[in-house]
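Participant: output the structure for:
(2 chains)
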Amino acid sequence: GAGVSQSPSNKVTEKGKDVELRCDPISGHTALYWYRQSLGQGLEFLIYFQGNSAPDKSGLPSDRFSAERTGGSVSTLTIQRTQQEDSAVYLCASSLLSTRYNEQFFGPGTRLTVL
Amino acid sequence: QKEVEQNSGPLSVPEGAIASLNCTYSDRGSQSFFWYRQYSGKSPELIMSIYSNGDKEDGRFTAQLNKASQYVSLLIRDSQPSDSATYLCAVEGGQNFVFGPGTRLSVLP
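Facilitator: From the prediction side, this is the model:
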């Protein structure tokens, strides 16, 4: 079956512009996660959705970052007034979360470059 | 603050040898543990999950868990150059994952 998909695969934007990144999880997966990975660095947790609600927003780095999920499926991560330090690969993952075996599966990522 | 630690490497092993990757975690209540492989420029790929103390084998991969010592490891037997990648340890903390920084493995032909 189809895996997690993300779009766009690459995004180049100018400092100060807003960007929207999209994630389409595996069908039936109730949980959705956003991570950020800067070059040569580990994964930085941003936000987690269970259904349409976000019980854990603790990782969002500033109020310029927001995310929503509608219909329990597609999620959008929005970064307002982008800064150069926002340049990174943004990864989305989804999991079934119906049992304790919470295996997360990742999408291919969106590489964001802020000039 | 829940933490997951790994040696950053690089860990270099000759082709055909056993590669041993280690991970320690701080949250004693953690129940689920995962190993991901990440090739350069690619997203992480799940290779093993383990939930009970002891060993779990899948092909050339063996995950080992010791909850008392808060330690999880991944052994790769008969290492191949195609195993060269960064290996990420992930520990479930509540309903989220905490990822380690990853260990870079290089398998030399």
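
Participant: buried stuff in stretch B:72-84?
Facilitator: B:Val72, B:Ser73, B:Leu74, B:Leu75, B:Ile76, B:Ser79, B:Asp83, B:Ser84 (16 or more other CB atoms under 10 Å in any protein chain shown). Using the backbone N, CA and C atoms, a C-beta is placed for each residue, glycine as well.

Participant: output these as JSON lines; include the columns distance to chain A.
Facilitator: Formatted as JSON lines, those follow (distance: CB to the nearest CB, whole Å):
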{"residue": "B:Val72", "distance to chain A": "15"}
{"residue": "B:Ser73", "distance to chain A": "18"}
{"residue": "B:Leu74", "distance to chain A": "16"}
{"residue": "B:Leu75", "distance to chain A": "20"}
{"residue": "B:Ile76", "distance to chain A": "20"}
{"residue": "B:Ser79", "distance to chain A": "23"}
{"residue": "B:Asp83", "distance to chain A": "19"}
{"residue": "B:Ser84", "distance to chain A": "16"}
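
Participant: could you dump those to a markdown table with secondary structure and pLDDT?
Facilitator: Formatted as a markdown table, those follow (DSSP: H, G, I helix; E, B strand; the rest coil; pLDDT from 0 to 100):
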| residue | secondary structure | pLDDT |
| --- | --- | --- |
| B:Val72 | strand | 97 |
| B:Ser73 | strand | 97 |
| B:Leu74 | strand | 98 |
| B:Leu75 | strand | 98 |
| B:Ile76 | strand | 98 |
| B:Ser79 | coil | 97 |
| B:Asp83 | helix | 97 |
| B:Ser84 | coil | 97 |
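
Participant: out of those residues, which comes closest to A:Glu85?
Facilitator: The shortest gap between A:Glu85 and any of the buried residues of stretch B:72-84 belongs to B:Ser84, at 30.0 Å (CB to CB).

Participant: these two touch, right, the closest one and B:Pro109?
Facilitator: No - taking contacts as CB atoms under 8 Å, B:Ser84 lies outside contact range of B:Pro109: 9.9 Å.

Participant: so what's residue 46 up against?
Facilitator: Here I'm looking at chain A. A:Tyr33, A:Trp34, A:Tyr35, A:Arg36, A:Gly59, A:Leu60, A:Pro61, A:Phe65, A:Ala67, A:Leu77, A:Tyr90 (CB atoms under 8 Å, 6 or more residues apart in numbering or on different chains).

Participant: wrong chain, I was asking about chain B
Facilitator: A:Glu103, A:Gln104, A:Phe105, B:Phe34, B:Trp35, B:Tyr36.

Participant: quick check: the last one vs chain A, distance?
Facilitator: Summarising the geometry, the distance separating B:Tyr36 from chain A, computed by CB to the nearest CB, to the nearest Å, is 8 Å.

Participant: what residues does chain B put near chain A?
Facilitator: Proximity of chain B to chain A (CB under 8 Å from any CB of the partner chain) is limited to residues B:31-32, B:34, B:36, B:42-46, B:49, B:51, B:88, B:90, B:92, B:94-102.

Participant: quick one: low-confidence parts of chain A?
Facilitator: Across chain A, residues meeting the criterion (pLDDT under 70) sit at A:1, A:97-101.

Participant: now the strands for it?
Facilitator: If DSSP state E is used as the criterion, the strands of chain A fall at A:5-7, A:10-13, A:19-24, A:31-37, A:44-50, A:53-56, A:65-69, A:75-79, A:88-95, A:105-106, A:110-114.

Participant: helices and strands around the shortest one, which ones?
Facilitator: Counting by 3 or more CB pairs under 8 Å, 6 or more residues apart in numbering or on different chains; DSSP states H and E, the packing neighbours recorded for strand A:105-106 are strand A:88-95.
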